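1. Here's my sequence, what's the structure:
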Amino acid sequence: MLTEGSWQDRPLPSESCLADQFNVGRNVVREALALLTAEGFIDRQRGTGTIARHPVHIVARNKLRSMLDSTAFKAPVETRVLHWERHIAAPIQAHTLQIPQSEEVLFFERLTHTRNVPLTIWSHIVRGDVQLSRPPEGNVTGPVDLYTMLELNGAEIGRSTIRISAVAADQGIAELLAISPGSPVLTEYRTVFSPKDRPLSISTGYFRPDYFSFMTEL
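-> Numbering: from 1, shown residues only. Next up is the predicted model:
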């Protein structure tokens, strides 16, 4: 009900009402509310009650598009490119992209945010023979979606492999996402392939877990 926005405009019911509604004991309700508070879904304040912090965005993963594609994310989103540079591929990057270690790759990082709340930080490594145009400086309205960037620059996309896990945020990630170091973050590891199964890019994305819920349709 929190992810569906049922209590965005009013406090949550009392513990006893929730216990009756879900047919559980009050201790179960207290434990659930404590967990939701720790995960950042709700705030509990004396005299105010239990308040939903913000809507959690349920994102369907049934197409090759970014999490913050304009059709998937129902909030105004801005993107800022933090780094954009070319360097010689590291051994693991060359192995994954199936290129010689002496070849260059494009490395860039981008931060997305909505209403001044940071949402994701992405690091991308793109094959040097795939030409990408650098986005404008400063904040760009709408996400800088790598899938779209590849297609706009003439690259054909065949498939993408995606692995999602939870990791503890290090100091750098914590600062960018405005969370405490050591907090769990949703992490996506992604490799994009051409129709001929040639790796085009490898990416790592860190997501604030209190803003996203994943749904996969097969």
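
2. Following element in sequence after the helix or strand of the chain with the lowest mean pLDDT, please.
-> Scoring the helices and strands of the chain by mean pLDDT, DSSP states H and E places strand 57-60 at the bottom, with a mean of 58. Counting by DSSP states H and E, the element after strand 57-60 in chain order, helix or strand, is strand 78-88.

3. Partner strands of that next one and their direction?
-> Each strand that pairs with strand 78-88, with its direction, by DSSP bridges: strand 104-114 (antiparallel), strand 139-141 (antiparallel).

4. Going by neighbour count, which residues of the longest one are buried?
-> For strand 104-114, the neighbour count (16 or more other Cβ atoms under 10 Å) marks 105-114 as buried. Any C-beta I mention is one placed from the backbone N, CA and C, and that applies to glycine too.

5. residues touching Gln45, list them.
-> Contacts for Gln45 (Cβ atoms under 8 Å, 6 or more residues apart in numbering) come out as Ile51.

6. for Ile164, that is, sorry about that
-> 186-189, 214.

7. what is the mean pLDDT for the strand or helix carrying it?
-> Secondary structure from DSSP H and E places Ile164 in strand 159-168. On average, the pLDDT along strand 159-168 is 90.

8. Would you mind identifying the next helix or strand past that strand?
-> Next element after strand 159-168 (DSSP H and E): helix 171-177.

9. Sheet-wise, list the partners of the helix or strand just after that following helix with their directions.
-> Counting by DSSP H and E, the next helix or strand C-terminal to helix 171-177 is strand 184-193. Sheet pairing of strand 184-193 (DSSP bridges) gives strand 159-168 (antiparallel), strand 199-207 (antiparallel).
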